[in-house]
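Visitor: below: sequence and its predicted model.
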Amino acid sequence: MPAGSVRLHIEDSGGDGRPVVLIHGWPLSAMAWEQQVLVLQGAGYRVVTYDRRGFGRSDKPESGYSYDDLADDLQRVLDHCQLQDVTLVGFSMGGGEVARYVARYGESLLHSVVFAAAVPPFLMKSVDNPDGPLTPEAAQKSRRALELDRNAFFEQFTEDFYSANGVFLVTESQRREAVALCQQSAQAAALACMDAFGTTDFREDLKRLTVPTLVIHGDADAIVPIEGSGLRTHHAVRHSQLVTVSGAPHGLNVSHAQAFNDALLTFLRT
């Protein structure tokens with residue numbers, strides 16, 4: 001699908017069911033939703049996934065990775081598929097797109113939203129954001145590691161992605177699949193999006209949410225800690241529902257797929 005001059009890879013199950021748009025995390029692709037797509041389709045929903053610009057099978061421009069740009073891409077996906085009464089499900093970085101989409105485009109096309117292990121409200125620790133879980137020093141260290149040796153970075157990242165309290169919770173095959181998705185990212189996109197999700201403040205965006213909202217997060221998430229993200233989003237969106245998955249790491253949609261899918265389906269039925 002053209003998004004301005006950038007083509008986005010979209011997969012749309014079609015059908016008459018209420019649409020659910022799954023927005024993947026960094027630095028993966030829509031294929032990371034494999035354990036959700038068939039379950040949602042089987043429950044009668046129309047499932048739409050797409051690869052963020054710079055990742056997976058989408059075009060990989062050198063620029064255009066601010067959350068305003070990415071929210072505009074999301075709007076183009078909704079327009080292209082002619083979707084209404086949509087549930088947006090944003091995983092990790094994708095939760096930022098959900099928040100910024102509402103701020104830029106409102107809720108007229110939305111039925112509900114889900115923040116899954118998501119980065120809002122604001123990751124970077126600062127004087128006016130003392131509860132941010134990401135220090136500038138840690139952000140700089142991660143960026144340097146990705147710049148110096150992306151292969152080694154993705155190996156370690158996927159270990160942490162699927163580990164909780166030092167225990168690795170998926171199969172090695174599943175981790176290798178995640179590494180392969182990471183490798184499909186353009187380096188410029190991976191670095192620019194790392195900057196975007198680390199430094200973008202979604203606190204004002206969250207105040208605009210009025211549609212039903214689910215926050216689902218693992219309590220052992222070492223990538224996006226629940227205390228600095230999921231719990232703060234839940235408190236910021238006062239009408240939101242919170243599902244905490246005990247012992248779950250960041251990649252809980254794979255490691256704890258049953259619990260994740262059950263919570264999502266329960267929410268979608270409300």
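Guide: Cool, the structure landed.
Visitor: now the strands for the stretch 51-200 of the chain?
Guide: Using DSSP state E, counting those that start in this stretch, the strands of the stretch 51-200 of the chain run over residues 86-91, 110-116, 163-164, 167-168.
Visitor: could I get those strands as TSV with mean neighbour count?
Guide: Yep, even glycine has a C-beta here, placed from its N, CA and C like the rest. Output for the strands of the stretch 51-200 of the chain, formatted as TSV (neighbours: other Cβ atoms under 10 Å):
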stretch	mean neighbour count
strand 86-91	26
strand 110-116	25
strand 163-164	22
strand 167-168	12
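Visitor: pLDDT score assigned to the nearest residue to H111 once chain neighbours are set aside?
Guide: With sequence-adjacent residues excluded and distances taken as Cβ to Cβ, 6 or more residues apart in numbering, H111 is closest to D85, at 4.6 Å. If you check D85, the pLDDT there is 98.
Visitor: ok, now G4?
Guide: In this model, G4 is scored at 58, pLDDT.
Visitor: ditto for M1
Guide: 54.
Visitor: can you check the one 10 residues further on too?
Guide: Note for E11: predicted pLDDT of 98.
Visitor: returning to what we had before: and the strands of the stretch 51-200 of the chain: which comes nearest D201?
Guide: For D201, the closest of those is strand 110-116, at 15.4 Å, according to Cβ to Cβ.
Visitor: residues near N165, how many?
Guide: Look at N165: counted by other Cβ atoms under 10 Å, it has 10 neighbours.
Visitor: is the nearest residue to it once chain neighbours are set aside in a helix, a strand, or coil?
Guide: Leaving aside its sequence neighbours, N165 sits nearest to A220 (Cβ to Cβ, 6+ apart; 5.4 Å). With DSSP: H, G, I helix; E, B strand; the rest coil as the basis, the three-state label of A220 is coil.
Visitor: so what's A220 up against?
Guide: When contacts are counted by Cβ atoms under 8 Å, 6 or more residues apart in numbering, A220 touches A164, N165, G247, A248, P249.
Visitor: re the thing from before, dump the strands of the stretch 51-200 of the chain to CSV, plus distance to L181.
Guide: Listed next are the strands of the stretch 51-200 of the chain as CSV, based on distance: least, Cβ to Cβ, whole Å:
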stretch, distance to L181
strand 86-91, 13
strand 110-116, 17
strand 163-164, 18
strand 167-168, 18
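Visitor: one step back: so the residue nearest to H111 makes contact with L109?
Guide: Yes. Between D85 and L109 a contact is recorded at 7.5 Å, counting by Cβ atoms under 8 Å.
Visitor: who's more crowded, these two?
Guide: Neighbour count, other Cβ under 10 Å: between D85 and L109, L109 has more, with 16 against 10.
Visitor: returning to that earlier point: quickly note the distance from the residue nearest to H111 to F161.
Guide: To F161, D85 is 32 Å away according to Cβ to Cβ, to the nearest Å.
Visitor: one step back: so which of the strands of the stretch 51-200 of the chain is nearest F202?
Guide: The nearest among those, by Cβ to Cβ, is strand 110-116 at 9.8 Å.
Visitor: ok, and what's touching the closest one?
Guide: 18, 85-92, 94-95, 98-99, 102, 209, 211-217, 230, 233, 252-253, 260, 264, 267-268.
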